[in-house]
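Asker: Mind folding the following:
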Amino acid sequence: MAAVATLLCGSAVAGQQRLRRRAASSFNAGGAHVSYGAHLVRRGQLLPALFPAPSFGDLSSPALASGRLLRTPVSASSSDSAGQAKPVGFLQKYPALVTGFFFFMWYFLNVIFNILNKKIFDYFPYPYFVSVTHLSVGVLYCLISWSTGLLKRAPINSTILKLLLPVAVCHAIGHVTSTVSFAAVSVSFAHTVKALEPFFNAAASQFILGQQVPFTLWLSLAPVVIGVSIASLTELSFNWTGFINAMISNISFTYRSIYSKKAMTNMDSTNLYAYISIIALIVCIPPAIIIEGPQLVQHGFKDAIAKVGLTKLVSNIFLAGLFYHLYNQVATNTLQRVAPLTHAVGNVLKRVFVIGFSIIVFGNKISTQTGIGTCIAISGVALYSVIKAKIEEEKKSTVRSVAEPYDYMHANTCASQT
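Answerer: Numbering: from 1, shown residues only. Model prediction:
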């Protein structure tokens, strides 16, 4: 009888381990964000990270495989192995203040980038070249990090390169068309049109990836479409160049998300982001030369230097690229500190923040209908973000609950047989 009990317990343990591995695999693929040290891969998208994040160990460990993470409460002081009191740092003592600081920096850097980027087009209306400089500063940032040892460069081979190529191409197209849109229309209107991106993401999930999108999500997108339509019909700065490029940007970033899910590798996300930026830069250079090269050589640089001087031209373009890179990194680090729902709401508020400040700084005149349409669209995005985040949390809870009854049943079986 004891031998039978031992055999049953051994089988239970083996089955339990297999189930945990499947749960961990489902948890990784189900839209959750997974951190690798200071790096982040969120919903299959490749995102950079700025500051080190706490390491939670291997996802194959029992605690994480079952969705349960053991946390120890943080007090004003802690003890080391010798039993002596060790003071807790500011980051651990005031986590809410630190998270608030990250949100502030995320908004601040994003607003500065949008304002500075828009002002550059007043005296240097060449969005393709400006897009190239944005990516160039980011690539320079990564190269310096590699050369100084701040970031260890991960090796790349032809297989990884083939996976990253479509992601980088979509990233390049999306960034260039966004920049063209910002140059053609007001910042507030461009951000209003870009609020349609969740609609394209839902459509791609439903009709391209074959993933069923809940009806409630489709309903939440109706105000977004209606609001953007109202704002477009009455926008004073409306032109088709800005509107079409903003729409192409939405589509490009949607396909980037799709290809990112297929490009999952063991490489950390910061190195992935660096390689994607390098490839995207190479993709952006030829169209910039073909479309704007002759004009830049003939009079573009001369006119800009005559208006603001060489020092201001170079410094503003460099700072715009630096702020573009940094606000993406801080946004990623903010996501690592908060729940997906909090980050989703924060992202909506960021768009409101940018739209509001751009109207104040540039003195854009907007009609009442445009203001109403913008508010409706942003409200729809907020509703969509909340519903989607709750659905993702429910998926995680389902994955966590898969292994627990199995663990409990077999633990009792083993205990009763021994």
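Asker: Excluding chain neighbours, give the residue nearest to Lys350 in space.
Answerer: Tyr107 (5.5 Å; C-beta to C-beta, 6 or more residues apart in numbering). Quick note: C-beta positions are derived from backbone N, CA and C, even for glycine.
Asker: for the stretch 251-400 of the chain, what are the low-confidence residue spans?
Answerer: 264-265, 269, 332, 335-336, 339-345, 364, 400 (pLDDT under 70).
Asker: Would you map the helices across the stretch 301-418 of the chain?
Answerer: With DSSP state H, counting those that start in this stretch as the criterion, the stretch 301-418 of the chain has helices at 301-308, 310-337, 340-362, 368-417.
Asker: Which stretch among those is buried most, on average?
Answerer: Highest mean neighbour count of the helices of the stretch 301-418 of the chain: helix 310-337, a mean of 20 (counted as mean count of other C-beta atoms under 10 Å).
Asker: what's it packed up against?
Answerer: Where contact means 3 or more C-beta pairs under 8 Å, 6 or more residues apart in numbering; DSSP states H and E, helix 310-337 is packed against strand 33-36, strand 39-42, strand 45-47, helix 95-123, helix 127-148, helix 301-308, helix 340-362.
Asker: how about those in a markdown table, adding distance to Tyr255?
Answerer: Putting the helices and strands packed on helix 310-337 into a markdown table (distance: least, C-beta to C-beta, whole Å) gives the following:
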| stretch | distance to Tyr255 |
| --- | --- |
| strand 33-36 | 20 |
| strand 39-42 | 17 |
| strand 45-47 | 12 |
| helix 95-123 | 23 |
| helix 127-148 | 18 |
| helix 301-308 | 34 |
| helix 340-362 | 20 |
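Asker: Which one of the ones you listed lies nearest to Asn328?
Answerer: For those, proximity to Asn328 was assessed by C-beta to C-beta; strand 45-47 is nearest, at 7.4 Å.
Asker: per-residue confidence for Lys118?
Answerer: You'll see Lys118 listed with a pLDDT of 91.
Asker: list the contacts for it?
Answerer: Shown in contact with Lys118 (C-beta atoms under 8 Å, 6 or more residues apart in numbering): Phe182, Ala183, Val187, Ser358, Phe362.
Asker: Can you add distance to Ile258 and give these back as a markdown table?
Answerer: As requested, the contacts of Lys118 are exported to a markdown table (distance: C-beta to C-beta, whole Å):
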| residue | distance to Ile258 |
| --- | --- |
| Phe182 | 24 |
| Ala183 | 27 |
| Val187 | 28 |
| Ser358 | 30 |
| Phe362 | 35 |
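Asker: if we can go back for a sec, I'd like the helices of the stretch 301-418 of the chain laid out as CSV, including distance to Ser232.
Answerer: Converted to CSV, the helices of the stretch 301-418 of the chain look like this (distance: least, C-beta to C-beta, whole Å):
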stretch, distance to Ser232
helix 301-308, 31
helix 310-337, 26
helix 340-362, 15
helix 368-417, 8
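Asker: Looking at these, spot the one closest to Ser205.
Answerer: For those, proximity to Ser205 was assessed by C-beta to C-beta; helix 368-417 is nearest, at 10.4 Å.
Asker: ok so, going back, so which of the helices and strands packed on helix 310-337 comes closest to Leu163?
Answerer: Distance to Leu163, taken as C-beta to C-beta, is lowest for strand 45-47 among those, at 10.5 Å.
Asker: And what about Ile156, helix, strand or coil?
Answerer: Under DSSP: H, G, I helix; E, B strand; the rest coil, Ile156 falls in the coil class.
Asker: Any chance of the backbone angles for it?
Answerer: Backbone geometry at Ile156, expressed as degrees, to the nearest 10, gives phi -130, psi 140.
Asker: residues in contact with the closest residue to it other than its chain neighbours?
Answerer: Of all residues not flanking Ile156 in the chain, Tyr275 sits nearest, at 6.0 Å (C-beta to C-beta, 6+ apart). By C-beta under 8 Å, 6+ apart, the contact set of Tyr275 is Ile156, Ile160, Leu164, Ala168.
Asker: Give the helix, strand or coil label for the third one.
Answerer: Secondary structure state of Leu164, per three-state DSSP, is helix.
Asker: gap between it and Val193?
Answerer: In this structure, Leu164 and Val193 are 28 Å apart, going by C-beta to C-beta, to the nearest Å.
Asker: Can you check which of the helices of the stretch 301-418 of the chain gets nearest to Ala204?
Answerer: That would be helix 368-417 among the helices of the stretch 301-418 of the chain, by C-beta to C-beta, at 13.9 Å.
Asker: part of a helix, is Ser237?
Answerer: No. Applying three-state DSSP, one finds Ser237 to be coil, outside a helix.
Asker: Quick check: phi and psi at it.
Answerer: When read as degrees, to the nearest 10, the backbone of Ser237 gives phi -100, psi 10.
Asker: again, but for Gln211
Answerer: Here is the backbone geometry of Gln211 (degrees, to the nearest 10): phi -90, psi 130.
Asker: Verify the contact between it and Ser205 for me.
Answerer: Yes. In this structure, Gln211 is within contact of Ser205 by C-beta atoms under 8 Å, at 4.5 Å.
Asker: Neighbour count: these two, which is higher?
Answerer: Shown here are Gln211 and Ser205; by other C-beta atoms under 10 Å, Ser205 has more neighbours (17 against 11).
Asker: Quick check: the more buried one is in a helix.
Answerer: Yes. When three-state DSSP is applied, Ser205 is found to be in a helix.
Asker: list the contacts for it?
Answerer: Going by C-beta under 8 Å, 6+ apart, Ser205 touches Gln211, Val213.
Asker: so how far is Leu217 from it?
Answerer: To Leu217, Ser205 is 9 Å away according to C-beta to C-beta.
Asker: got it, and Asn347?
Answerer: Counting by C-beta to C-beta, the gap from Asn347 to Leu217 is 16 Å.
Asker: Over to Ala202?
Answerer: Separation of Ala202 from Leu217 (C-beta to C-beta): 6 Å.
Asker: cool, and Gly309?
Answerer: Distance of Gly309 to Leu217, computed by C-beta to C-beta: 50 Å.
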